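1. can you look at this prediction? I've put the sequence above it.
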Amino acid sequence: MRTEIRVNGVDHAVDVDTRTSLLDFLREHLDLKGSKKGCDHGQCGACTVLVNGVRINACLSLAVMHDGDHVTTIEGLASGEALHPLQQAFLTEDAFQCGYCTPGQICSAVGLMAEIAAGQPSEATADLNAKVVLTDAEIRERMSGNLCRCSAYPQILAAVRRAAGAAA
Amino acid sequence: MSTVRDWAAPNPITENRSGLIGKPVDRYEGRLKVTGTAPYAFEVETPSTPLYGHIVSATIPRGRIAAIDVSQAASAAGVVLAWSHLDVPVQAQRGAKLNPRSQRGSNPALGSDRVEHYGQSVAFILADTPENARAAESRIRITYEASDADLDFGSFIDSAGPAPGEEDARIGDFEAGYSASEVTVDATWFSPLQNHAQMEPCATTAWWEGDKVVVHTSIQMVKGGQHALAETLGIPSDRVHLLTRYIGGGFGGKGQSYDDLTLAALAARESGRPVRVAYTRRQMFQATIHRPAVQMRVRLGADKTGRLNAMALEAVTHCARNAPFVEHAANFARNLYAAPHRLTGHRLVRLDIPHAGAMRAPGEAPGMLSLECAMDELADRLGMDPIALRIRNEPEVDPDNAKPFSVRQLVRCMQEGAQQFGWDRRNPTPGAVRDGRWYVGMGMATAIRGNFLLPAKAGLRLTGDGLATLTQGMTDIGTGTYTILAQITGETLGLPLDQVRVELGDSNMPPAPGSGGQFGAATAGSAAFETGMVMRRRLAELAAGDPRSPLYGEDPMLMDFANGNIVLGNRSESLAALASRAGPDGVYVEGSISPAADARDWSQHTYGAQFAEVGVDSVTGEVRLRRMFGVFAAGRILNAKLAKSQITGGMIWGVGAALTESNAVDPRYGSFLHQDLGGYLAPVHADIVNLDAVLLDEADDKANPMGIKGVGELGICGSGAAIANAVYNACGVRLRDYPLTPDKVLAALEAKGL
């Protein structure tokens, strides 16, 4: 099925199998293998990408559903040699070990920052009438869709805080 | 053969003049990982457009395939081939070895009509796209002839047999010592079946170059995988080029190869095309190894001052009928506490379920969940502080074999941990501290895990551009191997890190045993260090013998290495200049490490103390971690940042073992109840609050020339027990059936009238 999709700023107009997930489209058709296939059914978060700025599990949506969408993957975050502040913070804080969940964690954290900026509350938001702020509890709650079996959670928390501090 | 005395002399690592050893440098391959450009096995570039394989799994636990028809699948859209055991290409018989020195025997896929566990591979489909390969599965018709299967561990515990080739370890007379003790504990713990749940499923990309096969696969042991595939295909191992550069988690579960490797190689040969095969998440649970369930009975007998007189840990565990494996849950207890009368041993049940195997800290991980809680119960019964009880039973020499300890800082770990954690604020009376609806409590446990050194080699090339490149058939499964080998090489040669390259995970490189058993850093690192020392000697001799060198004619033994130069007094020459004169390929050397002849004369372990504070919800029975802290001693630390990541990661595994992780066999099908990450509950980010660890200064000069030890498994040891003990301190409930889920906690609270 004919699908037009912009990925990391590049327009693609392709015929794609209606069964192809967005994840497999990115990995096998566009050769963007940074988005990982950890479970292929929306439970691990390793495939997290940003669609029109919102984080989703790429394995849980079909490529053909994204006609006209703008997708950002881990490969689209750095500007040339300069890492995205979250990428740099993950490196500095050693917020990963095997690295397989890392692209998803970083894309998820980019989405998280946007949610906070937009004032979207979460389960961890103490006061729905107040401005949503990036507390540790918010980070833990909002990053819980991204499993890290190496269990770098303390460092992931530190990395998101570091990047948020740099952005503030 | 060297002795540990040879290792005692100062060397560039122990002197650490440029300070690279211990430095918390960023992960060597980190930039590739944070940009998503590190190619894992399924993702490597292929010489031509690849095909995709899909494995079909058995749906009975035991029996045979009475009939199977793959022809409809073979003719489906996009399908290149479909195989069952009837048409898969010939492979060597299971266990066969063409080369008697192979580390692994043949491991055929689709080898016969026999089904030995649910999830076993029974068919394979190769297609042009992943979608076509998976869709064709529905066109395969299989008729099974099921046999009776033994699936329920619990119903066979009482009839468990001895572990093959093992006898109980008895010292003194346990029964007499126990019955003569003034205070006793006799209780039984249960640790359930657990899964590795690595984030990256097993995967292989394969293609053939003439009569050689190139396989990129996700495996912890390079040689084991290479030999297994060579034996399965019936070809010499030098015709298998195995690469494994980035591995998305192993934890013991990728210590061996699986059918993805075999079928990718066979299908690539048959189709003449590159082939990618990955396990599904479901297959990861059902068709790779798991940690078996363990029942552990602990008996402790002490006098009224807390001195242990008798201790026993008897474990019953299980494995697959035709794949013997023992979860040695009792072994650690042999070396931990003094007691004159001792009994430890294992019994084994054979089941018709997937293979049991090694998972992070095999033995200690479940084992410490029993003894370390039994010690807490004994302390409670004696009215003693749990740390004081452990110190009272601190042995002078290894209680199992009377060997001296190489270094043992267990007491210091407990004392420093107690101070930093604020153990003195613990109220010893269970249930005494409330925070709203939460019971709050603290618990502690010790950690012990063996240290090992295996034979390994490495290669090192210095080129005219001044770069040193270390090559080793070693793996980095997220443990930090790339990084620490760069640090060791840089410090040994006096080179800054940006002039050091590390290349791993290639069967053509000098062999190392791989990642497992917490032996990786000590083994691969020591080989890298020795290779660096070989390079130093070679370079010094080159300089001394070369009239163009400012060091010509000088004594090579007096030359030193610093800042990228070889130095003697006020004369020096850059390593780059020396290497470029040696020829276009620079200078290449190899070196190796072997265990010292007298290494076993000392008892050698890593140690730690774990502290946890939990809240127990009085309404729901939910246990929440409030904070956790550990102090560990594991030899010289090569990279403070990466070592801590390893340790805290292990501690979090212990949180999972204590509170959430469990799998069970469905008695109807022999399948696992949980076959995905929504059912099998590994800790998520929100479960982990305020968790930290420190590593004590230590150098173990009996371990290896660098005095380092492993940290990969130590963190999980005792971690879960500290949490269980904190649950008791919080609410007075002793639960011995892991994990401590809300249903069990709530029932126990209700039984206590709380």
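-> Now that the structure is in, tell me what you want to look at.
2. contact partners for the residue in chain A that chain B sits nearest to?
-> Taking C-beta to the nearest C-beta as the measure, chain A has A:Gly34 as its residue closest to chain B, at 2.0 Å. Heads up, the C-betas are built off the backbone N, CA and C, glycines and all. With contacts defined as C-beta atoms under 8 Å, 6 or more residues apart in numbering or on different chains, A:Gly34 is in contact with A:73-75, A:103, B:35-37.
3. switch to 6 Å and redo it
-> A:Gly34 makes contact with A:73-75, A:103, B:36, according to C-beta atoms under 6 Å, 6 or more residues apart in numbering or on different chains.
4. show the backbone phi and psi for it.
-> Backbone torsions of A:Gly34, given as degrees, to the nearest 10, read phi -70, psi -40.
5. next one: the one 10 residues further on
-> The phi and psi values for A:Cys44, taken as degrees, to the nearest 10, are phi -110, psi -30.
6. residues from the stretch 201-350 of chain B in reach of chain A?
-> Contact residues (C-beta under 6 Å from any C-beta of the partner chain) of the stretch 201-350 of chain B with chain A: B:248-249, B:281.
7. pull out the buried members of those.
-> B:248-249, B:281 (16 or more other C-beta atoms under 10 Å in any protein chain shown).
8. let me know the closest of the residues you listed to chain A.
-> Nearest to chain A among those, counting by C-beta to the nearest C-beta, is B:Gly248 at 3.0 Å.
9. so that closest one touches A:Tyr100, yeah?
-> Yes: if you go by C-beta atoms under 6 Å, B:Gly248 and A:Tyr100 touch, sitting 3.0 Å apart.
10. where do the contact lists of these two overlap?
-> Shared contacts of B:Gly248 and A:Tyr100, counting by C-beta under 6 Å, 6+ apart, come down to B:199-200.
11. please, which helix or strand holds B:Tyr178?
-> helix B:174-179 (DSSP states H and E).
12. try B:Leu348
-> Going by DSSP H and E, B:Leu348 is in strand B:341-351.
13. hmm, who's touching that strand?
-> By C-beta under 6 Å, 6+ apart, strand B:341-351 touches B:150, B:153, B:156, B:160-161, B:163, B:168-174, B:177, B:310-316, B:318, B:321, B:326, B:330, B:333-334.
14. spell out which parts of the stretch 551-700 of chain B neighbour chain A.
-> With C-beta under 6 Å from any C-beta as the criterion, the stretch 551-700 of chain B meets chain A at residues B:641, B:645, B:648-649, B:652, B:676-678, B:682, B:684-686, B:688, B:691.
15. quick one, what contacts the residue lying farthest from the centre of chain A?
-> Residue farthest from the centre of chain A, counting by C-alpha atoms, centre = their mean, is A:Asn129 at 27.5 Å. By C-beta under 6 Å, 6+ apart, A:Asn129 lies in contact with nothing.
16. specify the local secondary structure of it.
-> coil (DSSP: H, G, I helix; E, B strand; the rest coil).
17. how near is it to A:Ala114?
-> 21 Å (C-beta to C-beta, to the nearest Å).
18. now for the chain, the helix or strand with the poorest mean pLDDT.
-> With no chain named, the answer covers chain A. helix A:153-167 (a mean of 93; mean pLDDT, DSSP states H and E).
19. hmm, I had chain B in mind actually
-> Per-SSE averages on chain B (mean pLDDT, DSSP H and E): minimum helix B:4-7, a mean of 88.
20. okay, buried residues for the following helix or strand past that one please.
-> Per DSSP H and E, the first helix or strand lying C-terminal to helix B:4-7 is helix B:12-15. Residues of helix B:12-15 classed as buried by neighbour count (16+ other C-beta under 10 Å): B:12-14.
21. how about stretch B:320-328?
-> By neighbour count with 16+ other C-beta under 10 Å, stretch B:320-328 contains the buried residues B:320-321, B:325-328.
22. those: which two are farthest apart?
-> B:Arg321 and B:His328 (19.7 Å; C-beta to C-beta).
23. what about B:Val745, how many neighbours?
-> 24 (other C-beta atoms under 10 Å in any protein chain shown).
24. quick check, it in a strand?
-> No: with three-state DSSP as the criterion, B:Val745 is helix rather than part of a strand.
25. thought it was touching B:Gly621?
-> Yes: using C-beta under 6 Å, B:Val745 is in contact with B:Gly621, at 3.6 Å.
26. what residue ranges in chain A are flagged as low confidence?
-> For chain A, applying pLDDT under 70 flags the ranges A:167-168.
27. and B:Gly608, what are its bridge partners?
-> For B:Gly608, the beta-bridge partners are B:Ala447, B:Phe632 (DSSP bridges).
28. do the one 4 residues further on as well
-> Beta-bridge partners of B:Ala612, counted by DSSP bridges, are B:Gly443, B:Met628.
29. can you count the residues close to it?
-> Neighbours of B:Ala612 under the rule other C-beta under 10 Å: 31.
30. find the nearest non-adjacent residue to the most centrally placed residue in chain A, please.
-> In chain A, the residue lying closest to the centroid (C-alpha atoms, centre = their mean) is A:Cys107, at 2.2 Å. Once flanking residues are discounted, A:Cys107 sits nearest to A:Thr48: 4.5 Å by C-beta to C-beta, 6 or more residues apart in numbering or on different chains.
31. partners of that neighbour in the sheet?
-> A:Asn57.
32. need the contact list for it.
-> A:Thr48 touches A:55, A:104, A:107-108, counting by C-beta under 6 Å, 6+ apart.
33. now do 7 Å
-> A:55, A:57, A:104, A:107-108, A:146 (C-beta atoms under 7 Å, 6 or more residues apart in numbering or on different chains).
34. and chain A, what are its domains?
-> A:2-75, A:85-167 (automatic domain parsing).
35. endpoint to endpoint, the shortest one covers what distance?
-> Between the opening and closing residues of domain A:2-75 lies a distance of 24 Å (C-alpha to C-alpha, to the nearest Å).
36. where does the stretch 601-750 of chain B get nearest to chain A, residue-wise?
-> For the stretch 601-750 of chain B, C-beta to the nearest C-beta, closest residue to chain A: B:Ile652, 3.6 Å.
37. now chain B
-> For chain B, C-beta to the nearest C-beta, closest residue to chain A: B:Gly36, 2.0 Å.
38. correct me, but that residue touches A:Leu77?
-> No: using C-beta atoms under 7 Å, B:Gly36 is not in contact with A:Leu77; the gap is 8.7 Å.
39. who's more crowded, the two?
-> Between B:Gly36 and A:Leu77, counting by other C-beta under 10 Å, B:Gly36 is the more crowded of the two (26 against 22).
40. just say helix, strand or coil for that one.
-> coil.
41. and the spatially closest residue to it that is not a sequence neighbour, how far is that from A:Val110?
-> Setting aside the residues directly before and after it, B:Gly36 is nearest to A:Gly34 in space (C-beta to C-beta, 6+ apart), at 2.0 Å. Going from A:Gly34 to A:Val110 by C-beta to C-beta gives 13 Å.
42. again with B:Val745
-> 38 Å.
43. the domain parsing of chain B - what is it?
-> If you go by automatic domain parsing, chain B breaks into B:4-38+B:455-594, B:363-452+B:600-751.
44. so which of those domains comes closest to A:Gly42?
-> Of the domains of chain B, nearest to A:Gly42 by C-beta to C-beta is domain B:363-452+B:600-751, at 8.4 Å.
45. now the terminal residues of that closest one, how far apart.
-> Start to finish, the residues bounding domain B:363-452+B:600-751 are 32 Å apart (C-alpha to C-alpha).
46. quick one: distance of it to the chain centre.
-> For domain B:363-452+B:600-751, the separation from the chain centroid amounts to 17 Å (computed by C-alpha atoms, centre = their mean, to the nearest Å).
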